[in-house]
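Asker: With the sequence up front, the predicted model follows.
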Amino acid sequence: MSRGIGFDLDDTLIDRAQVVVDFGTGFLPLLDVVLISDYFGVKKPDASICNIAIDGLGIEPTESWFVGDHPLNDIWGSKQVGFNAAWVHSNRPWPIDVAPCYDVMEQDLIAVLSKLESHRLGTP
């Protein structure tokens with residue numbers, strides 16, 4: 001069974017009000033849990049927020065995807081824990097001082113989710 005985790009959903013990828021008010025639209029129904037790191041007293045890329053999700057849901061990071069738009073806090077940080085990482089680049093370049101480490105890269109969230117669905121189904 002696929003598991004979905006939302007990390008620090010904010011207005012860089014979706015409207016925060018959508019998370020709080022309307023779980024009936026978009027991709028939010030695919031999420032089993034939404035984790036806000038401030039609640040746990042940590043900030044990304046601190047690995048403890050990822051470990052809370054891994055332990056709490058009984059998942060393996062290698063069988064999971066972390067989707068984010070920040071190269072260091074989201075993508076690099078999640079790779080340090082072992083997640084597959086999908087970068088929503090929104091036409092921003094990857095930092096030149098960090099080796100690219102994403103598994104999927106797309107311009108917007110819809111394109112990333114489409115690509116992840118293809119991975120789930122085993123199609124290119």
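Answerer: Happy to help now that I have it.
Asker: show me the contacts for Leu116.
Answerer: Applying C-beta atoms under 8 Å, 6 or more residues apart in numbering, we find Leu116 in contact with Trp65, Val67, Ala86, Val104. C-beta: built from backbone N, CA, C; applies to glycine.
Asker: oh sorry, the question was meant for Gln107
Answerer: By C-beta under 8 Å, 6+ apart, the contact set of Gln107 is Val88, His89, Ser90, Asn91.
Asker: any idea how far Gly41 is from the third one?
Answerer: Spelled out, it's Ser90. 29 Å (C-beta to C-beta, to the nearest Å).
Asker: likewise the first one?
Answerer: Look at Val88 and Gly41: by C-beta to C-beta, they are 26 Å apart.
Asker: who's more crowded, those two?
Answerer: For Val88 versus Gly41, neighbours defined as other C-beta atoms under 10 Å are more numerous around Val88 (24 against 9).
Asker: can I assume the more buried one is in contact with Val104?
Answerer: No. Using C-beta atoms under 8 Å, Val88 makes no contact with Val104, being 9.4 Å away.
Asker: what's the distance between Trp94 and Ser78?
Answerer: When Trp94 is compared with Ser78 (using C-beta to C-beta), they lie 15 Å apart.
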